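> Predicted model, plus sequence, below.
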Amino acid sequence: MKAGPKGSAVEAPLEWSPRSKGARQFALFCSKYVVTPKGTGARKPMKLRDWQIELAGSLLDDPRPRMALWSLPRGQGKSTLVAALGLFHVFMSGIEGARVVIVAQDERSSSRLLHIAARMVELNEDMGERCQVYKDRIYMPGSDSQILALPGESARIEGEDASLAIMDEIGFCRRDAYESLVNSTGKRAESQMLMIGTPSPPSWRETSPMLDLVLEARANPQPDLALVEYAGDIGHPVDCEHCWAQANPGLDDLVSRPHLKSVLPPRTRESEFRRARLGEWVEQDDASLLPAGLWAELATGEIIPDGADVVLSLDGSFNGDSTALLVTQVSTSPLMNLGGIWEPPAGQDDYRVPILEVEDRIRELAKQYKVIELTADPYRWARTLQVIAEEGIPTTEFPQTAVRMTPATNDFVQSCLNHEVSHDGTPDLARHIGNAILTDDVRGVRIRKENKSSARHIDLAVTAIMGHSRATWKATHKPKRRRAMSF
């Protein structure tokens, strides 16, 4: 819908009185009024598959449950289906002042569903002339009904009066937001709540209510909570295509079989493939930074030639932990060499990092190579960065925050999987890479030790991620030379 002042809308209801009810009526509504906005079948009438009609029936067919929970893998077209359900509710429920409240983990996610519904309205003249579309809601003046999107924050949801509440990706929504949304449906006798999502990763089990709801519905089926699950068999291998079909009702239609093959482990972690692609509840979501044997495959024994453009990456500690310095050649497929490693001797609790020795090693490397920059987390090493910068070596700060480390870690892992990284085979570097645990939780993707007190150091793995990020960036963002002006 175009921005700007909204004109008057047709207040009469849709001129359509089907005899069918429930999910069958919804299917007819989709084929008559809904145009698929994107993806498979884009710009064509939305024709529901049999499994989608059955899925909708768990919410719409009598006896209608108070709550319905759909657990299924990614890529099944659920966003399009849910957006159509919201429109069906405001147009066909017969509820005066119907109110569809869409909640997701954050504002961006909830707005995405609203935008899909808005596009559907835009593509159909009958619906379009009865609606006014705004940034945060779709309003129908004729029945004083609306669809609105809210982030998963209990304070934003509190006080709502939903006739249909939709919680998208419930596996990543907080319990307090879920509880606020549940309570928003208690003001109307006919109100319902629909929850959709892939299984939560283990790190979200205490935060999200999804697993508790699934276990309750499995153990004690009740008419007011309908559960529909699509999942593979956790005991079967990840390449079991029978499990692919069992978990993905849209396989070979909405979900491409070649795509599933292309993201099989080791290209993704097995735990993540099972959770996201097979709808299985996995017991752990941590794994080694790289698949077993991959780092050894990337060893070439090559040494970066003197005078080459390099990035130095420093991951420093103050005491009790190791400090690492890595040399990475500036390239889109960088070569990595060990610059230095300082580790506390076993049993020496009062160990302190020799900071002056680290700084002298940086100076030595600056004489050997053309150091484009030294990058480091400034925490406790701000003085070193300042001293080195004053000596003419460019420095950048690389804070170990989720915002910074998540994309850098993902890029490093993907480049290793694509064999776009090489190294000199240094045992210390291999040891640190092997010690690193990859974890994915509410704060993002990052690496960590197996526990905080572990002596299995990972600092060189951290410098590899930092060095790869900065060296590849420098390789693709070289400063432009100024052309001489002729007069």
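Cool, the structure landed.
> Val10 contacts Met140, correct?
No - Val10 is beyond contact range of Met140, at 9.7 Å (criterion: CB atoms under 8 Å). (C-beta placed from N, C-alpha, C; glycine too.)
> Now do the shared contacts for the two.
Residues touching both Val10 and Met140 by CB atoms under 8 Å, 6 or more residues apart in numbering: Arg130.
> Identify all contacting residues around stretch 369-388.
With contacts defined as CB under 8 Å, 6+ apart, stretch 369-388 is touched by 304, 306-318, 327, 330, 355, 358-359, 362, 365, 393-400, 466-467, 470, 474.
> Work out the gap between that stretch and the centre of the chain.
32 Å (CA atoms, centre = their mean, to the nearest Å).
> If you count neighbours, what's buried in that stretch?
369, 371-378, 381, 384-385, 388 (16 or more other CB atoms under 10 Å).
> Of Val10 and Met140, which one has the most company?
Per other CB atoms under 10 Å, whichever of Val10 and Met140 has more neighbours is Met140, with 23 against 14.
> wait, that one sits on Glu129?
No - the pair Met140 / Glu129 is not scored as a contact, 10.7 Å apart, by CB under 8 Å.
> anything in contact with each of these two?
Ala9.
> Just the buried residues from the contacts of stretch 369-388, in ChimeraX please.
Listed next is the ChimeraX selection for buried residues among these, using 16+ other CB under 10 Å:
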select :304,308,309,310,311,312,313,314,315,316,317,327,330,355,358,359,362,365,393,395,396,398,400,466,467,470,474
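> Just to be sure, which of the contacts of stretch 369-388 are found in strands?
Among these, the ones falling in strands (DSSP state E) are 309-315, 327, 395-397.
> So which of these is the closest to Ala408?
Checking these against Ala408 by CB to CB gives Ser313 as the nearest, at 10.6 Å.
> list the contacts for the closest one?
325-326, 328, 374-376, 398, 463-464, 466-467, 470.
> Let's see which of those end up in helices.
Here DSSP state H is the test, and the contacts of Ser313 give 463-464, 466-467, 470 as lying in helices.
> Helices of the stretch 101-250 of the chain, start to end?
107-122, 125-128, 154-157, 175-184, 210-219, 241-247 (DSSP state H, counting those that start in this stretch).
> Output those helices in TSV, with mean neighbour count and mean pLDDT appended to each entry.
Below are the helices of the stretch 101-250 of the chain laid out as TSV (neighbours: other CB atoms under 10 Å; pLDDT from 0 to 100):
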stretch	mean neighbour count	mean pLDDT
helix 107-122	20	93
helix 125-128	16	96
helix 154-157	16	94
helix 175-184	20	94
helix 210-219	16	94
helix 241-247	17	97
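> between those helices, which one is nearest to Arg456?
helix 210-219 (30.9 Å).
> Check which helices and strands the closest one sits against.
strand 67-71, strand 192-197, strand 225-229 (3 or more CB pairs under 8 Å, 6 or more residues apart in numbering; DSSP states H and E).
> and the first one, what does it pack onto?
So the one you mean is strand 67-71. helix 50-60, strand 192-197, helix 210-219, strand 225-229.
> what do you get for the second one?
Here strand 192-197 touches strand 67-71, helix 78-92, strand 164-168, helix 175-184, helix 210-219, going by 3+ CB pairs under 8 Å, 6+ apart.
> Out of these, which is closest to Leu290?
helix 210-219 (29.4 Å).
> quick one: contacts of that closest one?
Against helix 210-219 from outside (CB under 8 Å, 6+ apart): 69, 71, 170-171, 195, 197, 199-200, 205, 225-227, 229, 281.
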